[in-house]
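Asks: starting from these lines, generate the structure:
(chains A, B, C, D and E, ligands or ions: 5)
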Amino acid sequence: MKPSTPLMESLLGERGTRIFLSVLVATAVLVPVLHLTFDAGSPLHLSSYTMTLIGKYMTYALLAVAVDLVWGYCGILSLGHAAFFALGGYAMGMYLMRQIGTRGVYADPILPDFMVFLNWKELPWFWQGFDMFWFAALMVILVPGLLALLFGWLAFRSRVTGVYLSIITQALTYALMLAFFRNDMGFGGNNGLTDFKDILGFGINQPGTRVGLFVASAIALGLGYLACRYITLSRAGRVVQAIRDAESRTRFIGYRVESYKLWVFTFSAVLAGIAGALYVPQVGIINPSEFQPINSIEVVIWVAVGGRGTLYGAVAGAVIVNYAKSYFTAAVPEFWLYALGALFVLVTLFLPRGVVGLADRFTPGSREPVPEAAKA
Amino acid sequence: ADTIKVGVLHSLSGTMAISETTLKDTVLMMIEQQNKKGGVLGKKLEAVVVDPASNWPLFAEKAEQLLVKDKVAVVFGCWTSVSRKSVLPVFEKNNGLLFYPVQYEGEESSKNVFYTGAAPNQQAIPAVDYLMKDIGVKRWVLAGTDYVYPRTTNKILEAYLKAKGVKQEDILINYTPFGHSDWQSIVADIKKFGSAGKKTAVVSTINGDANVPFYKELGNQKISAEDIPVVAFSVGEEELSGIDTKPLVGHLAAWNYFESISTPVNKSFIKEWHAYTKNPKRVTNDPMEAHVIGFNMWVKAVEKAKTIDVAKVTDAMIGIEVPNMTGGTAKMLANHHLTKPVFIGEIRADGQFDVVWKTEGLVPGDAWSDYLPGSKDIEADWVTLKCGNYNTKTKKCSGQNYE
Amino acid sequence: MLTIKSLNQFYGGSHILWDVDMTVPTGSCTCLMGRNGMGKTTLLKCIMGLLPTVSGELLYDDTDLRKISADRRARLGVGYVPQGREIFSQLTVEENLRIGLSASRGKLKEIPEQIFTMFPVLKKMLRRRGGDLSGGQQQQLAIGRAMVLEPKLLILDEPTEGIQPNIVHEIGDIILRLNKEANLTVLLVEQKLPFARRVASEFRIIDKGRIVAADRIAGLTDDLVRHHLTV
Amino acid sequence: MNASTALRQGWQKVFGTGARSERPIAPDTTHGTILYLEDITVSFDGFKALNALTLYVDAGELRCIIGPNGAGKTTMMDVITGKTRPDAGSAWFGQTIDLLTLTEPQIAEAGIGRKFQKPTVFEQHTVLENLELAAAGNKSIWATLFSPLTAVQRDRIDHVLETVRLQDRRDTRAGVLSHGQKQWLEIGMLLMQDAQMLLVDEPVAGMTPQEVERTAELLLSLEGQHSVVVVEHDMNFVRSIARKVTVLHEGHVLAEGTMDQVQNDAKVVEVYLGE
Amino acid sequence: MTRPDRQTSVRSRFVLAFMTMLALLPSIASAADANETFAQALKPLATASFQEKQQVIAAIAATRHPNARPVLSALLEGNLHTRDADQRIFIVTEGEEGLALTDPLMLQAAGSAPADEFTKITTNNQLRKALRGLIAGFDLSDPDAEVRLAAVSEMLRTLDEDGVLILRQRVAEESDSKVRSAIETGLALADLDNEDAAVRLAAAVRLEDSLSPDVYNRLKELTGRGDDGAFNEPDDQVRAAAAATVRNIDNWRSIYGGVETLFFGLSLGSVLVLAAIGLAITFGVMGVINMAHGELIMLGAYTTYVMQLLMPSHIGASVVVAIPMAFLVAGTVGILIERGVVRFLYGRPLETLLATFGVSLILQQIVRDIFTANNRPVETPAWMAGSWQINEALSITYNRLYVILFTAVVFTVLLIVLKKTTLGLKVRAVAQNRAMAKSMGVRTEWVDALTFGLGSGIAGVAGVALSQLTNVGPNLGQQYIIDSFMVVVFGGVANLWGTLIGGMSLGVINKVLEPFAGAVLAKILVLIALILFIQRRPRGLFPQKGRAAEG
Ligand SMILES: Nc1ncnc2c1ncn2[C@@H]1O[C@H](COP(=O)(O)OP(=O)(O)OP(=O)(O)O)[C@@H](O)[C@H]1O
Ligand SMILES: Nc1ncnc2c1ncn2[C@@H]1O[C@H](COP(=O)(O)OP(=O)(O)OP(=O)(O)O)[C@@H](O)[C@H]1O
Ligand SMILES: NC(N)=O
Ligand SMILES: [Mg+2]
Ligand SMILES: [Mg+2]
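Replies: Ligands and ions are numbered 1, 2, ... in the order given. Below you'll find the model as predicted:
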């Protein structure tokens, strides 16, 4: 790819970014081709399993990029991003649920199955409109966005920072998890939403649809990445990093710290929501365990493993950790926790700047090691 | 391939490992024994074990891996309903074969799944009958973990009790989250509810880890089985082996199998299990029996069909009979559920059960409950109707996810 | 008291101290001077053991300091007043002072009264959090804190920074008195020439990480000052 | 009100950023006084760091403030910049701006810049970026996100870099600068802010005599266009720039006047200067 | 009839026989005859169904044979077996070689025999309940007043007309006032059925001060109307008295209900505090985000289990011994974690999160591999079991009470260590400025290891307490880690008092909400309250103050 404009040039003016984007484009093209053009017997065939897996990793990667933006660049350690991810997922899940129509086991034209057998008589108000894709798509953005906006507005306005902020984001996702677990809430309780049939009229298990979802994930990841990269390169990005390092000092030179934080937080929540929305049709289920506090912590860990404060590091971390998980749980199902645990310990001890830090070390001309700011 | 691959999809880590690890071992033991007998269709069986880590989307991923990458002939797996729901589309899409060994809420019958655990009519209803008729219970606490299985079971029970003339004020329903650990208030409430002068019992669909603190609290608040018995549907020998059972003596459980039932089959199974696990104290339980039955049925069906082809095997499955471990016969019905005996046992101090009641004969599993308005018109029949949810009113088959 | 030979120090890739050779005679008050960013603080931190040294020798009397951790250096009698004060901000003034007690050479049980005579403001503020003190008060606390160790060698990094003139003067007196009466060896970094001239007996000038001049204080000529200390 | 204006106003309300390019408020100095502090009292757990402090600063004036450690000088700056809210008293910037009702960034926006006693710069940013961050101009999200620095701003940065002699450090991370270099950088940031009023807390601490001189020159050059309040304990420095000197003691003004007057005030000598 | 109770038939038959026998007492048949009757009564037990056993035991009791009581208690305890060969019944105790046999007729040892030649005579809940009632009938004349009191309470559980007869007999002879009072309550309850309104009134007045649920239910019934719309109690005065008592009980119940809720809240709170307090040190003071904290708690719980395995016959003591052991085990593991991992990460607190998360995964799996994925049974020692019945409306469970007290002790000790010892001072100094603490001669490495060990050890001690309340399994730690962080942060980092007050108030609020909102919603509400509270106090309940904290 050849950078043509100055904007492109600066966006792509980083080796990691260029590598990441090339790999992404290659993947987005090659995987569908290998999947569709070769049949199952061929050695070149790429199974739908593998494609879906990579698609899933890409949505995780987008989530990781979102977390890296708030944490790596703005210093907001959000332990609640899984909640935004899950909310986006639920919005999409509700759409998919309503697409089932009469094809549910109880053949109710309106009510999803779980409502029928729990004896619900009519569709709750908050399920209205989700039969339309545009509405669901809007909700994918609005629900996480507005929640982040409200929550962030409350928190940043009162200058909640550091661990206090982390813990209340955690409380948020925990509360949402408990709420969504409740069957009375009308989101299918513990089972969540599943048994999807089609999306935009295409059968959800059709190879074509799968490819579509895969490519959509790749595009979302690419665009999300570039948007974040643009932000971090802009002056606003430097303000955001200044806030991370010395919040009150930033105030004294005239920046409205709260507004910047709120904006970054909200933007990042929207990205997380989009990631969740793409995740759900590919894995086929969304349920409250996605809100588990531990999930949010894991996202932070992906970012740390990859290398905090470099967007491509976040991507690398998400893919590496999740691939390791997929691989270990099958290859050494009885011992995989040792392997994963050891990975985390070793990366921390020996790769203080994450996996991409290792790569940079062998790259001449990279910035000198940055002693971490001592604050959370 | 010169082996037949058998997938094992049980959580070995995370919250469900407590229950599921044993099932993995059970399947491995069955495979080992079958291989000693020469395998199936002249080929050895090869286990493919994965760990979905109590993570529901991971269940789907691992299921797909087993079916697509490892190309297993059959999968034994899942415990929670949500994990089953999560893998269901994967099995239907890839035309796999799943044996699901746990008692569950019913309301499902998939072409690709055989349900070897109890449907609600094979556990809950008989248990309530026993309490009502033999114990004279007049007041009911339905306590459960807040998820589909308890919700559905309690819906069914509530309808059933009301049909039997129990008044609304004599039913207390309570839901708690998974892993609920502070039972003080709820147990105190139960105590108060039970002190109104009528014989009271608790029907517990409390799941997994929450049981230990629940029973501890019962013991400490001195609620004895003689005053307010608790009959549980999710507490078996395995769960009791993690609890100090002395204070629980007399509380009840309803299952289709108890380790203490002394039949020759069961005795030899327990012996083999102890030998296989090299642990003479390892207990057996109901879902294990379900897996053993399921496994034997699958072997029989494969031998009958002379192939591992899923379509042929599923056809051959229906009507297959294998002995269960309590002296009866398990038969695979057209709705992919089994016939099962129902036992009520009282907890003993050693963590085993004394059977105090059992059904006369075998109860056929009912996929669609007759006590739920939405499902009483639905039928599952994979022989004549070729449908898992056929509506007898509209004469339509719905919810099929394949072809 | 202190002998430094060909000491080298790096931060990451950049070489900060270049073959530093320097002595601090026992009983002297040696003043280390140099422009901003020349490596004064770095050198003091090396002596204290807060930064690793790459090569060179570091002798304290006859002890090789390089093999010894910072806390042992403190227990051997090296007191340190860092630039920027480095008060334990959430500890009270009293607690800040008590920290050194168990490491003090005399195994003191109580904070010596002498410290409060030197800095009466500390006595008034014993219960206040160190971090709440004003800049100058903190500087006084930092000096007092180092004195609790009853050091043999006292290292002061710009101790008068931010302190009101009459107390600066007093600090000068105190250094002189400790130096003379208690036979305390002092290594001082100081920018203010008059103060340096008043209290120091020796001077060293560091320029771009190298020692470029060393002499009795009398030898600190205007020429040297112009050459090494002006921009 | 149509939907789009409503939306924009909503955005402004939440994110607090209009597309404002000019200063929203500027001090009204028609009476010649730019800062009015009246009866300011600040107490911490009963201890009065400022005790009914009253102080006026004229527009364009260079004012030196001295006083013993703990007299309340830094606290006074905290009050002016919005870091500390006083228990009592009033603080006005010009005739119209009530400082006590504004937030820190609003105060900065109104034209008050500050250099801290302990040098505080953005350690992870380069020297250049530090200056860029401080540069005067629209500081809304919209502006920083979409418009790059103007040529004027860039020239200004180069100029300031030269002034503070950090040209060859422009791409160095500020965190690795020495103490004195950080002092200079912070002064540079203050210059970039182009504030009406500069509060400078101990600018020459840790500087060599020559640098002290240069700082003095710099501050003097600002006189006229800017109002400058300098706190210092270095008497040579104060003497070299002093016009009017205020002495604070125990939270209020002990003396005020020319350097000579103050130097010869017995009380000032006793509590502060010594002999 | 008072109650349609299953036991009625059993009891009435027994009482009838009993009464007859009392009447015939002087002319009682020979001892041999008595033995014969007893043996006959006993015999059917071997083959009877549960239903039939009910009658059999009544018959046994009715013989009033001196061995009836020991035989019935043996049956109750599951020690009555039949010999498969000849269906003979023995009282057995488990001995070294099989079962030690006792002949029920003679109460003499009858040798021993292998266990598999015998079948236990099983009981079920109803039988056991009936047995207890029958045994209580024998105990009414026990010399020990405590036993008599227990017997009366036991009888009141299943009181019927015949029971009333027995009690009336007894009340005259009863010397102990407590026992008599208990009997009188029972009789008064019975008197409420009397035809004479005056007797009913007297009974209603007699019950004035009672808090018993039986009394309440009975009186409540009196105040209501039957299906035909008529009052259940025709007499106005009696009804008024009953209503007054009902109101009185209602009042007391709500007061005691409040006390109970508070107790529940404090006990939940102390669990939270215990789980969090170690973290208040490792995280609050040292700044290490120790994700393995939960696993250290888990290790403490497993230590308790292992101690019980090691001393199976001293369960009571094992829990006490487990406390220092758990401290050592968890403390040692903590020190290993600190020396092995954490010490390389000071100044990089977020990376401690990553590394200790890895450690926590490893610890979980180690435990799973050693102890299997199953929960381990930890017994409750006798001294912690059951509850302290303060009155009939209020009882407090001992295990919770001990946990509250234990929390108080742990907290106090820790407070003293941190505030009064130099270690505490050094810990805080190191946490704030490691380099400077070194320069002040503090052996930071020591302090780090010790402090981390202390925090970890306390986590282990918490595990001992938790083993008495909840599962001991590999996931134990995961359950508490989130709550622990929440409590520490809510209280205000680095403030031990904050952790205490924070944990306790979260516990109490939760329990106050629970009755209205249910367990789940209560927890959600608490979380929302926490979020909103942090808005008001962005640095927790007890924030660090001053210039330095403002950053
Ligand atoms: N942590 C660090 N990493 C990299 N470089 C550093 C670090 N600390 C200081 N430096 C660099 O080392 C050089 C010497 O710094 P040092 O603090 O020793 O100077 P100094 O002589 O004490 O100056 P000052 O008089 O301003 O205090 C400076 O150029 C500074 O930029
Ligand atoms: N948050 C606080 N809590 C308690 N006391 C405080 C707090 N902030 C400041 N003080 C006290 O208020 C007084 C004034 O402090 P301030 O920093 O304003 O002094 P200053 O005049 O700037 O002194 P210096 O010249 O030493 O910098 C000091 O005695 C200080 O200890
Ligand atoms: N199916 C169950 N028990 O979840
Ligand atoms: Mg320096
Ligand atoms: Mg000051």
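
Asks: quick check, residue C:22 in a strand?
Replies: Yes. Counting by DSSP: H, G, I helix; E, B strand; the rest coil, residue C:22 is located in a strand.

Asks: and residue B:339, what element?
Replies: Per DSSP states H and E, residue B:339 falls inside strand B:339-340.

Asks: summarise which helices and strands that strand is packed against.
Replies: strand B:329-331, strand B:363-364 (3 or more Cβ pairs under 8 Å, 6 or more residues apart in numbering or on different chains; DSSP states H and E). (Each C-beta comes from the backbone N, C-alpha and C, glycine too.)

Asks: once you drop chain neighbours, what's closest to residue E:400?
Replies: Among residues not flanking residue E:400 along the chain, residue E:267 sits closest, at 3.9 Å (Cβ to Cβ, 6 or more residues apart in numbering or on different chains).

Asks: work out for me the element that neighbour sits within.
Replies: helix E:236-279.

Asks: strands of chain A, residue ranges please.
Replies: A:193-194, A:198-199, A:202-203, A:285-286 (DSSP state E).

Asks: actually, the stretch 301-450 of chain E.
Replies: E:387-391, E:394-397 (DSSP state E, counting those that start in this stretch).

Asks: for those strands, which one ends up most surrounded?
Replies: strand E:394-397 (a mean of 20; mean count of other Cβ atoms under 10 Å in any protein chain shown).

Asks: and it, anywhere near chain B?
Replies: Yes. Using Cβ under 8 Å from any Cβ of the partner chain, we find that strand E:394-397 touches chain B at E:395, E:397.

Asks: touching, residue E:50 and residue E:125? I think so.
Replies: No. Using Cβ atoms under 8 Å, residue E:50 is not in contact with residue E:125; the gap is 9.7 Å.

Asks: compare the two (neighbour count), which wins?
Replies: residue E:125 (22 against 15; other Cβ atoms under 10 Å in any protein chain shown).

Asks: so that one makes contact with residue B:137?
Replies: No. With contacts counted by Cβ under 8 Å, residue E:125 stays clear of residue B:137, the gap being 11.1 Å.

Asks: shared neighbours of those two, anything?
Replies: Taking Cβ atoms under 8 Å, 6 or more residues apart in numbering or on different chains as the contact rule, residue E:125 and residue B:137 both touch residue B:229.

Asks: looking at chain B, which residue lies furthest from center?
Replies: For chain B, the residue at maximal distance from the C-alpha centroid (Cα atoms, centre = their mean) is residue B:197, at 34.4 Å.

Asks: give me phi/psi at the closest residue to that one other than its chain neighbours?
Replies: Counting by Cβ to Cβ, 6+ apart, residue E:217 is the residue found nearest to residue B:197 once chain neighbours are left out, at 4.0 Å. Per-residue torsions, residue E:217: phi -60, psi -40 (degrees, to the nearest 10).

Asks: which ones are touching residue E:217?
Replies: So residue E:217 contacts B:195, B:196, B:197 (Cβ under 8 Å, 6+ apart).

Asks: now do the nearest residue to the second one once chain neighbours are set aside against ligand 5, distance only.
Replies: Nearest-residue entry for residue B:196: residue E:217, 5.9 Å, with adjacent residues in sequence omitted and distances by Cβ to Cβ, 6+ apart. Relative to ligand 5, residue E:217 is positioned 75 Å away (criterion: Cβ to the ion, to the nearest Å).
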